[in-house]
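S.K.: Kindly return the folded structure for what I paste below:
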Amino acid sequence: MIRRTFLNALTGAAAVARAFASIKLKVTNIEVHKIGVEYEDWIAYQLNHYYGPTDRHIYIAHTDNGLIGLGEGDSRESPDIVKKYIGTNPFDWVGDETSLALGTAMYDLMGKAAGVPAYKLFGQRRRAWVPVSSWTVSTHPRRMAQAVQEYSRRGYTWMKFHVSPFENIFDQMDAMQAVAPEGFKIHLDFTMGGSTDHMVDLLDRLSNYRIMGCFEDPLREDDVPGHAELRKRCRLPIVYHHTPLGARQEVLLRAADAYMLGHAPIGTAIHRAGLFDAANIPFMLQNVGGAITRAMVTHMQAAFPTADFHFVSTSERWKTDVVKERLEPVNGFVRVPESPGLGLTLDREALQRAANLRLPAQSRWIIKSQFKNGARMLNLHDPKDSLFMNRPDLRRLIPVSYAAPISTEYWDDDGSPAFRDTLARLEREGMILERN
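M.R.: So this is what the prediction gives:
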């Protein structure tokens, strides 16, 4: 059955290419713009401390008949990759496996050339409204509660974040549940483990919260049998993201209740959609970006049969964008655009402003943690190594727990001798753990 579904997916992509082969169209030029993006004011403090300012790259593909197609990505594609698209027909890139950003621009062009919304290039529309999740970072419980309030006010019913051992997860859950409206759910990402917690017990305790929704990557990515066993014991869905075997064996072993594809090429997403459909398992896309990315994900999840789990794009954290449409949710769902292509309109003035935007870098800062028994722990964080906030165990300094009785403050460089001396000590020792 799985093999037949794979073949159907491949045959469908080939049929699209054949059906539109008569449309004579050629990509003549591709603009590449590096832009700066500002975080929303209310969430900028924690995001800057985690990551610092963020850059993105916007791709504008032009054709010989005056159409433009929009794409975007985290990093700049090499000139050699961009050249592969110049002089081709956008329909040559059905099921593109080369570049997600440029493939998005090609699908925008294909839809506009054919006069159809992009989802019709993937198949029949399965849903007119697609579930979407908001996203934040793990921080002080008060700020977590604020994130729930802000996102629920904006129409979201899910919020995802990566847990961090620098905060007590139960303190965070208590604060969020106290302000969450009925129906609001939390998606916890454990970033493939890294703690000393007994995961069965931890997830069971977390499952008692009415706002708890699902758990992503609670174990090491290569522990497929462990995921399958944990799924049997957990009351809430287990989401598998970093599948080492391409999700094939994981699906056969029933290792998860839902799957996530992160920044997968379009062709890969098409193939996996067939796999998950054959197994009747929900899945979601997580492609981080602005409104262009959000629109593309919405079109794909509108057509893929079992893509009915909430997707993540993180575009809700940006203050502005380079297109006029924002695709805001209503009760946790985004309406699928029905205009040709992605259904977006380029805002040249906004693009120019973003291209000219220069944001100040975030300096290194000290993670100042306090345990309830009086001990304190200090670590040095560099936004260039943002993974440290979620997986400090990778530095091999000390075992950590998400349930530790801990709270954390962000200590920025205030010019004081105390900060300077502590910074120098951390550079020598790596971490400070001492009695208060």
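
S.K.: Identify all contacting residues around stretch 239-248.
M.R.: When contacts are taken as Cβ atoms under 8 Å, 6 or more residues apart in numbering, the neighbours of stretch 239-248 outside the stretch itself are 187, 189, 192, 214-217, 221-222, 224, 227, 250, 255-260, 262, 272, 275-276, 284, 286, 309. Backbone N, C-alpha and C define where each C-beta goes, glycine included.

S.K.: Filter those residues down to just the ones in helices.
M.R.: With helices taken from DSSP state H, the overlap with those comprises V224, H227, E250, R272, L275, F276.

S.K.: for these, which one is nearest H57?
M.R.: The shortest distance between H57 and any of the ones in helices among the contacts of stretch 239-248, using Cβ to Cβ, involves R272 and amounts to 25.1 Å.

S.K.: And the pLDDT for that closest one?
M.R.: With respect to pLDDT, R272 scores 96.

S.K.: count of residues packed around it?
M.R.: 24 (other Cβ atoms under 10 Å).

S.K.: In contact with it, which residues?
M.R.: When contacts are counted by Cβ under 8 Å, 6+ apart, R272 touches A247, Y259, L261, A264, F283.

S.K.: and what of N65?
M.R.: Neighbour list for N65: L25, A113 [criterion: Cβ under 8 Å, 6+ apart].

S.K.: give me every residue that touches the residue lying closest to F304 once chain neighbours are set aside.
M.R.: What sits nearest to F304 in space, not counting adjacent residues and going by Cβ to Cβ, 6 or more residues apart in numbering, is A273, at 3.9 Å. By Cβ under 8 Å, 6+ apart, the contact list for A273 reads A9, F283, F304, P305, T306, A307.

S.K.: which of these count as buried?
M.R.: Buried members of those, scored by 16 or more other Cβ atoms under 10 Å, are A9, F283, F304, P305, T306, A307.

S.K.: any chance of those in JSON lines, plus secondary structure and pLDDT?
M.R.: Putting the buried ones among the contacts of A273 into JSON lines (DSSP: H, G, I helix; E, B strand; the rest coil; pLDDT from 0 to 100) gives the following:
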{"residue": "A9", "secondary structure": "helix", "pLDDT": "51"}
{"residue": "F283", "secondary structure": "strand", "pLDDT": "97"}
{"residue": "F304", "secondary structure": "coil", "pLDDT": "98"}
{"residue": "P305", "secondary structure": "coil", "pLDDT": "97"}
{"residue": "T306", "secondary structure": "coil", "pLDDT": "98"}
{"residue": "A307", "secondary structure": "coil", "pLDDT": "98"}
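
S.K.: Tell me where the stretch 201-350 of the chain has strands.
M.R.: Assignment of strands within the stretch 201-350 of the chain using DSSP state E, counting those that start in this stretch yields the ranges 212-216, 238-240, 258-262, 283-286, 311-312, 333-335.

S.K.: among those, which is nearest A113?
M.R.: Across the strands of the stretch 201-350 of the chain, A113 has its closest neighbour in strand 333-335 (23.3 Å, Cβ to Cβ).

S.K.: Mind listing residues that contact that closest one?
M.R.: Outside strand 333-335, the residues that touch it by Cβ under 8 Å, 6+ apart are A128, W129, V130, P131, V132, R294, T298, L327, E328.

S.K.: what's the closest non-adjacent residue to the second one?
M.R.: This means W129. Distances taken as Cβ to Cβ, 6+ apart put F333 closest to W129, at 3.8 Å, once the chain neighbours are dropped.

S.K.: partner residues bridging that neighbour?
M.R.: When bridges are assigned using DSSP bridges, the partners listed for F333 are P131, V330.

S.K.: mind checking how far it is from I281?
M.R.: From F333 over to I281 the distance is 21 Å, taken as Cβ to Cβ, to the nearest Å.

S.K.: try A361
M.R.: 42 Å.

S.K.: So if I had to pick from those two, which one is more boxed in?
M.R.: A direct count of neighbours by other Cβ under 10 Å for A361 and I281 places I281 higher, at 19 against 9.

S.K.: pLDDT weak spots in the stretch 101-250 of the chain?
M.R.: Within the stretch 101-250 of the chain, the set of residues satisfying pLDDT under 70 is empty.

S.K.: What is the burial count for the closest residue to A128 other than its chain neighbours?
M.R.: Leaving aside its sequence neighbours, A128 sits nearest to V336 (Cβ to Cβ, 6+ apart; 5.5 Å). V336 is surrounded by 22 other residues when neighbours are defined as other Cβ under 10 Å.

S.K.: Then the one 3 residues further on?
M.R.: The burial metric for S339, expressed as a neighbour count using other Cβ under 10 Å, is 15.

S.K.: Would you agree it is in contact with A118?
M.R.: No - if you go by Cβ atoms under 8 Å, S339 and A118 don't touch, sitting 9.6 Å apart.

S.K.: Correct me if wrong: S313 contacts V288.
M.R.: Yes - taking contacts as Cβ under 8 Å, S313 lies within contact range of V288: 6.4 Å.

S.K.: more crowded one of the two?
M.R.: The neighbour count for S313 versus V288, taken as other Cβ under 10 Å, is higher for S313 (26 against 20).

S.K.: Now do the contacts for the more buried one.
M.R.: For S313, the residues meeting the contact criterion (Cβ under 8 Å, 6+ apart) are V132, Q286, N287, V288, G289, G290, T293, R294, V297.

S.K.: Redo the residues you listed as TSV? Include distance to N29.
M.R.: Compiled in TSV, the contacts of S313 are given as follows (distance: Cβ to Cβ, whole Å):
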residue	distance to N29
V132	33
Q286	31
N287	25
V288	27
G289	22
G290	22
T293	22
R294	25
V297	26
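
S.K.: Go through those and name the one nearest H33.
M.R.: Comparing the contacts of S313 against H33 with Cβ to Cβ picks out G290 as the nearest, at 12.2 Å.

S.K.: burial count for that closest one?
M.R.: By other Cβ under 10 Å, the residues close to G290 number 24.

S.K.: So it is in contact with E72, correct?
M.R.: Yes - G290 sits in contact with E72 when judged by Cβ under 8 Å, with a separation of 6.1 Å.

S.K.: Going along the chain, name the strands of the stretch 51-200 of the chain.
M.R.: When assigned using DSSP E, counting those that start in this stretch, the strands of the stretch 51-200 of the chain occupy the ranges 54-63, 68-73, 129-135, 158-162, 185-189.

S.K.: Show me the one of those strands that comes nearest D413.
M.R.: Using Cβ to Cβ as the criterion, the shortest distance between D413 and the strands of the stretch 51-200 of the chain is 21.1 Å, found for strand 54-63.

S.K.: okay, the angle between that closest one and strand 68-73?
M.R.: Orientation of strand 54-63 against strand 68-73 (axes from the mean of the first three to the mean of the last three Cα atoms, to 10 degrees) gives an angle of 150 degrees.

S.K.: Brilliant, that's me finished.
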